[in-house]
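Peer 1: okay, here's the prediction I keep looking at, along with the sequence it came from:
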Amino acid sequence: MVVTALGFAVMNACAKEASVRLPFIEVAFARSAVGAVALALYARARRRPLAIHNKRLMALRATSGIVAMALTFYALSVSPLGEASALLNLTPLFVAILGAVFLGERPSRVVVAALALGMAGALLVFRPHLGALSRGGVAAVLASATAAVSMVSLRRLGDTETSEAVVTYFLAAGALVTAAATAPVLVVPTPRELALLLVAGLAATVAQVTMTQAYAADVAARVGGMNYLQILAGLALGAAVFGERPGAVAWVGIVAILAAGAAFVWSARRDDAQGVASL
């Protein structure tokens, strides 16, 4: 999930920069197409199976993921990177709720407390903008909710599918859908924009694979909580690349997010220790 956070942060920064001139849906298409081709070639070279067994659940993951992806790129195109990163990472709250309802997972009190602390931190980061919630902000919240459906489905898909198959299918479906939407508004990218789109696609593909592996290996609520790392990475890139500077209130939120991340790590280590002791 650390690799996932860094990969998505790089994708977000590149996508935001490319969206200055390119339509957000075109950026979404490039991200999907680059990732689908790269991952299919990788899976072929490693002789990893790409067959899908649970087609109904994969369709749910692909549909919710495509909607979340489109909303994400729209939010990035019209909102500051730090603000968008904070709102896009409200997903863990939805993941914890869906994991409890549909997967029967009951997160520990430490995980629940860490989720609440991380959510409070995310809201503090976003607090300077609450007075005038933009369309981008609304899109980011909706992206978080639909992304949570995808995240929870990964917990079940990991039982029957390889991570390469899940991500390749999702990206191929995303490329087909966004290609149709891109055609009427296509803008020919410059060489620099092409480079940004290529980096965004590759970084996101690495992040998708590691995220799929993570959700297949652990409790959805705890894995989802690690998404808070993306906020920190987004804030760092926003400051370094776009000159965005968080205020004092936002820094309080950053500290809360760091504390939440530390609580998740402690919880994971404690559970592992208990598991070894029980053996």
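Peer 2: Happy to help now that I have it.

Peer 1: now the strands for the stretch 51-200 of the chain?
Peer 2: Counting by DSSP state E, counting those that start in this stretch, one finds no strands in the stretch 51-200 of the chain.

Peer 1: poorly predicted segments of it, please.
Peer 2: 103, 105, 125-134 (pLDDT under 70).

Peer 1: helices of that one, start to end?
Peer 2: Using DSSP state H, counting those that start in this stretch, the helices found in the stretch 51-200 of the chain span residues 55-78, 81-88, 91-102, 109-126, 135-157, 163-182, 191-217.

Peer 1: present these as a markdown table; the columns should include mean neighbour count and distance to residue 32.
Peer 2: In this view, the C-beta of every residue, glycine as well, is placed from N, C-alpha and C. Converted to a markdown table, the helices of the stretch 51-200 of the chain look like this (neighbours: other Cβ atoms under 10 Å; distance: least, Cβ to Cβ, whole Å):
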| stretch | mean neighbour count | distance to residue 32 |
| --- | --- | --- |
| helix 55-78 | 21 | 7 |
| helix 81-88 | 28 | 17 |
| helix 91-102 | 21 | 19 |
| helix 109-126 | 21 | 27 |
| helix 135-157 | 22 | 14 |
| helix 163-182 | 22 | 4 |
| helix 191-217 | 20 | 8 |
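
Peer 1: of all those, which one is nearest residue 49?
Peer 2: Of all the helices of the stretch 51-200 of the chain, it is helix 163-182 that lies closest to residue 49, at 6.4 Å by Cβ to Cβ.

Peer 1: contacts for that closest one, please.
Peer 2: Residues outside helix 163-182 that contact it (Cβ atoms under 8 Å, 6 or more residues apart in numbering): 23, 25-26, 28-29, 31-33, 35-36, 39-40, 42-43, 46, 48-52, 58, 61-62, 65-66, 69-70, 154, 157, 205, 208-209, 212-213, 216.

Peer 1: distance from it to the middle of the chain?
Peer 2: From the chain centre to the centre of helix 163-182 is a distance of 15 Å (Cα atoms, centre = their mean, to the nearest Å).

Peer 1: compute the inter-axis angle for that helix and helix 135-157.
Peer 2: Helix 163-182 and helix 135-157 are oriented at 150 degrees to each other (axes from the mean of the first three to the mean of the last three Cα atoms, to 10 degrees).

Peer 1: need the CA coordinates for helix 163-182. PDB is fine.
Peer 2: The C-alpha trace of helix 163-182 is given here as PDB (Å, rounded to 0.1, in the frame of the first residue of the first chain):
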ATOM      1  CA  SER A 163      -3.900  -9.400  -9.600                       C
ATOM      2  CA  GLU A 164      -2.700  -9.000 -13.200                       C
ATOM      3  CA  ALA A 165      -6.000 -10.400 -14.600                       C
ATOM      4  CA  VAL A 166      -8.100  -8.100 -12.500                       C
ATOM      5  CA  VAL A 167      -6.200  -4.900 -13.300                       C
ATOM      6  CA  THR A 168      -5.800  -5.800 -17.000                       C
ATOM      7  CA  TYR A 169      -9.600  -6.400 -17.400                       C
ATOM      8  CA  PHE A 170     -10.400  -3.200 -15.600                       C
ATOM      9  CA  LEU A 171      -8.000  -1.100 -17.600                       C
ATOM     10  CA  ALA A 172      -9.100  -2.600 -20.900                       C
ATOM     11  CA  ALA A 173     -12.800  -1.900 -20.100                       C
ATOM     12  CA  GLY A 174     -11.900   1.600 -19.000                       C
ATOM     13  CA  ALA A 175     -10.000   2.200 -22.200                       C
ATOM     14  CA  LEU A 176     -12.900   1.200 -24.300                       C
ATOM     15  CA  VAL A 177     -15.400   3.300 -22.400                       C
ATOM     16  CA  THR A 178     -13.300   6.400 -22.200                       C
ATOM     17  CA  ALA A 179     -12.200   6.100 -25.800                       C
ATOM     18  CA  ALA A 180     -15.800   6.500 -26.900                       C
ATOM     19  CA  ALA A 181     -16.200   9.600 -24.700                       C
ATOM     20  CA  THR A 182     -12.900  11.000 -25.800                       C
END
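
Peer 1: okay if I get the helices of the stretch 51-200 of the chain as a markdown table plus distance to residue 252?
Peer 2: Formatted as a markdown table, the helices of the stretch 51-200 of the chain follow (distance: least, Cβ to Cβ, whole Å):
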| stretch | distance to residue 252 |
| --- | --- |
| helix 55-78 | 23 |
| helix 81-88 | 13 |
| helix 91-102 | 19 |
| helix 109-126 | 5 |
| helix 135-157 | 20 |
| helix 163-182 | 36 |
| helix 191-217 | 28 |
